[in-house]
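Asker: any chance you can model this:
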Amino acid sequence: ALLRPEFSKLRSQALSQPKVGQVREILVAMGGTDQPNATGWVLDTLAKMDLDPDLHLTVVMGPTAPHLGSVQDQAANLPFRTTVLAGTNEMGVLMLQADFAIGAAGSTSWERCALGLPAIITILAENQRNIAQALEIAKAAIVLKIGEDEVLRQAVIKMLSSQTNRFKMSRIATQICDARGTKRVLKVLQEGI
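Answerer: Okay, here's the model as predicted:
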């Protein structure tokens, strides 16, 4: 996977901070555009759960996402602290701080794996299907469909209640992507020249 340098720089720190203990930070990142408003669906589902009011949710969307305004309105009314970021250059740091993520099954999956971030993922585009299936088979992520409220609720409960499951998922994820793909490709190109 061709990842930005921040992920290889943060990897050793991520590996030294296992995802154990009480969940304090959840990262929600359903892609920059999020055309179907999966973010809104996630927030709506979480709002109906009896979550710890000290929990912090960080939501990342693109600055031109069509549902950004409605998500910001939703976030302002949630019963737990929520920050909505409209574009960020700090995705690696946000992943490092999070205890688990809820996101789309796209290329961000490899970033989450590189940093060992356990994840609940959903397929928002056909080109994400194979990624999701591979991560589910490896037990590096929980996969669900948008609109499956009860499945999402149960997945969140599983993440919140089992540090053992989060730890195992994190360790498996780190074995899938090591954030060195760019260096490998560069080496092959240099050898070819």
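Asker: when you work out contacts or count neighbours from here on, use the C-alpha atoms and nothing else.
Answerer: OK.
Asker: what ranges does this protein have for its strands?
Answerer: Counting by DSSP state E, one finds strands in the chain at the ranges 25-29, 56-61, 81-86, 100-104, 119-122, 141-144.
Asker: can those go into TSV with extra columns for distance to Ser8?
Answerer: Shown next, in TSV, are the strands of the chain (distance: least, Cα to Cα, whole Å):
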stretch	distance to Ser8
strand 25-29	20
strand 56-61	21
strand 81-86	23
strand 100-104	19
strand 119-122	19
strand 141-144	21
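Asker: reformat those strands as CSV; add mean pLDDT and distance to Thr39.
Answerer: Formatted as CSV, these follow (pLDDT from 0 to 100; distance: least, Cα to Cα, whole Å):
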stretch, mean pLDDT, distance to Thr39
strand 25-29, 97, 7
strand 56-61, 97, 8
strand 81-86, 96, 11
strand 100-104, 97, 8
strand 119-122, 97, 11
strand 141-144, 96, 14
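Asker: can you lay out those as JSON lines showing mean neighbour count?
Answerer: Below are these laid out as JSON lines (neighbours: other Cα atoms under 10 Å):
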{"stretch": "strand 25-29", "mean neighbour count": "23"}
{"stretch": "strand 56-61", "mean neighbour count": "22"}
{"stretch": "strand 81-86", "mean neighbour count": "16"}
{"stretch": "strand 100-104", "mean neighbour count": "26"}
{"stretch": "strand 119-122", "mean neighbour count": "26"}
{"stretch": "strand 141-144", "mean neighbour count": "24"}
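Asker: I appreciate the help and will end here.
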